[in-house]
Structure formats: structure tokens, C-alpha cells
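Colleague: show me the folded form of this:
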Amino acid sequence: MFELNRKKGTATKLRARFPKVHPKAELDITFQRTLRIPDDGKDYPLPAGLGRLPLRYIEDCEGELSEHALNRGGILMPMYQSEATWIDFRCDYPVAIKIAAGKINAVTGEPWSNGLHVEPQDYMVAPEQPWLDGFSVEEGIVRQFVAEPLGHGKTVEEVMTGEAEWGGLQIIVYPMKADEYRKRFEQLKEELYDVPVFLRRQSDVCMSACESMGMAAGGRIHQEIYEDEFGIDVWDRDRASRCFVHIANSTAYERMTGRPPPSTPITEHEYHKQGIPWFMHYTENAKALGGGPFDLLEDVRHVSSGQW
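Modeller: Modelled structure (predicted):
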């Protein structure tokens, strides 16, 4: 099951727990704010985290909610146009993780399908995979997670399917089978399976009035998506847990919750300080995203058969 680290109000951590599998079978997920790197065809290093994005239960929102959000449940996450996100994974117990933007798998670029698959591998394994910066487009390269409103043709879902139906993110976690864990790790010290400190990211501490938003592919970042060294048969596919993450711009977030987002936009000054270009459409009062730096169509259209 999924739960936030606070039952009411604003939280910062999403936890998947599997107490019926093993007491240690848990995964902590946070969505880290970061700068949008330029979508200029160049490859960039991993951007630093600027704190966690706030999270709320959908059922805890006191404002106007769409039927779509109520039916799916899950959590609500606000994002400003001036920021991007990367997803951080923390666990000691091995888990397999599938992530989709709308109905598009973030690892393969193929339409979403239930279950785990290896040809190609459509999931990640934590803690070997300590974070995910974006959509895997080729070996060693991802394109950054940035939010765009549905209906403008910019989200990966719209580019790949031609439809703006789902938006947001969906996450499914599969724990390792208890007998496999006991066989492989019960006799080992926990620190042997922890992510080394030097690998961990440094973490300190919207757009139009469209309510539904989805993930688009931004600039190119160096990141490896690791192969599953355990094999697909070790994962307990009968104990999977799913969570939907609804993304809202600041206007929609205030309408849905009755209060403004708890975080403030990343400023132009912060971009200049980090040596990253600032674009005028990052401002919160911009009306249209028009021809910003996220022109996905040219990049994605020449990809065929579900390959990025």
C-alpha cells in the first residue's frame, strides 16, 4: 500500500509498504525540485535538488476536484513552470518500480502494459537505481521530467498517442518475494545493500488554468538505467501496489485545495546563479507555452515502434 508521511495537510514523502511480504519491505519516494536544463540537444550532468515537492492526498483536498481525479484517487503535486523534477528512491529491501507518464512507460517509451517485462526491461530495481531524472531515450541518456498542460500537444502522452487522456504519473512497485530476500540477504549486513553516500544527490531542505497536466521530455541528462541483475522471477507480482500522482499548476492547485501551493517558484536569479538560461515563458503568468524549448514532436516522431 502507498501512504504519505503525513495523514493530513502537506507531506513530502510517498511510501510504499508491504507488511504482508516482509517487515522491511518498504520504499520511500520523493519528488525533488530542480532547474529545467536547456532543451538544446546538448547532454548535461545531473542537476542538484532544490528541496522536495509538496504532496497531498486527493481525498484531503477541500476545493473543486474533477471526476477524473476523484475516480483515480492518489496524491496531488503542484509544479511551477520554472521547475523540473527528479524522482528519488530510498530503500533497503529490493523492489521493482514501473513509472508511466500518462500511459507511456518512462523506461521504454512504449504504451503502458500491466506486469513486468524483460524484452525490453520496462522497470527499474531499487536500491541499485537510486533516482530517475526523466525519460530514458538512449543508453546513458534521459530527458528531464517537466510538466506541461494537457491539450497543448507537448506531453509525452500526447506526442506518442495523439491523445490527452490521462496526464500525471502512475507508479507501481513490486517487492522481492520474501523467500528470495531471506535466501539472498537475511544473513548479510544491511549496509551491504545500502546506496553509498557518494552516490546520493544533494537536496536542500504553473502555467495556464488547465487542471490536468502531464509530463513532457525536457533537456538531455546523463543517467544510467540499470539492468535487473536478480531476474524477473524474484518479484512478487501478486503483491504489487499502484499510486496515481496528479500534477497541478498553481492556479489549479489553489482551486482544488483551497490554498496556494506551499512552495514558491524557482526564480530567474536562481537560474543565473547556476549558469542555466532563463526563458520568459517560465514566469507564472505566462498564458501560452507556444514554441518553448520543449519541441518534442521533431524528436519523438522519428522514433518508431515504441522506441524513443
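Colleague: what's the average pLDDT for stretch 268-285?
Modeller: Per-residue pLDDT over stretch 268-285 has a mean of 69.
Colleague: do stretch 113-126 as well
Modeller: Across stretch 113-126, pLDDT averages out at 93.
Colleague: may I see the buried residues of it?
Modeller: Across stretch 113-126, burial judged by 16 or more other C-beta atoms under 10 Å covers L116, Q121, D122, Y123, M124, V125, A126. Using the backbone N, CA and C atoms, a C-beta is placed for each residue, glycine as well.
Colleague: quick check: mean pLDDT of stretch 32-50?
Modeller: Stretch 32-50 shows a mean pLDDT of 87.
Colleague: just the buried positions in it, please.
Modeller: Under the neighbour-count criterion of 16+ other C-beta under 10 Å, stretch 32-50 has Q32, R33, T34, L35, R36, I37, P38, D39, P47, G49, L50 buried.
Colleague: P260 touches T251, doesn't it?
Modeller: No: if you go by C-beta atoms under 8 Å, P260 and T251 don't touch, sitting 9.4 Å apart.
Colleague: neighbour count: those two, which is higher?
Modeller: T251 (18 against 12; other C-beta atoms under 10 Å).
Colleague: and the more buried one, which helix or strand is it part of?
Modeller: helix 250-257 (DSSP states H and E).
Colleague: same check on M160?
Modeller: Element membership of M160, judged by DSSP H and E, is helix 156-161.
Colleague: poorly predicted segments of the stretch 201-308 of the chain, please.
Modeller: For the stretch 201-308 of the chain, applying pLDDT under 70 flags the ranges 201-213, 278-308.
Colleague: circling back: who does the helix holding M160 touch, helix- and strand-wise?
Modeller: Packing partners of helix 156-161 (3 or more C-beta pairs under 8 Å, 6 or more residues apart in numbering; DSSP states H and E): strand 104-105, strand 213-222, helix 296-301.
Colleague: helices - which of the buried residues of stretch 113-126 land there?
Modeller: Using DSSP state H, no member of the buried residues of stretch 113-126 falls in helices.
Colleague: what's the farthest-apart pair in the residues you listed?
Modeller: D122 and A126 (15.1 Å; C-beta to C-beta).
Colleague: quick one: the strands in the stretch 151-300 of the chain?
Modeller: Using DSSP state E, counting those that start in this stretch, the strands of the stretch 151-300 of the chain run over 169-175, 213-222, 241-248.
Colleague: want to throw those into CSV with mean neighbour count?
Modeller: What follows is these, written out as CSV (neighbours: other C-beta atoms under 10 Å):
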stretch, mean neighbour count
strand 169-175, 24
strand 213-222, 25
strand 241-248, 23
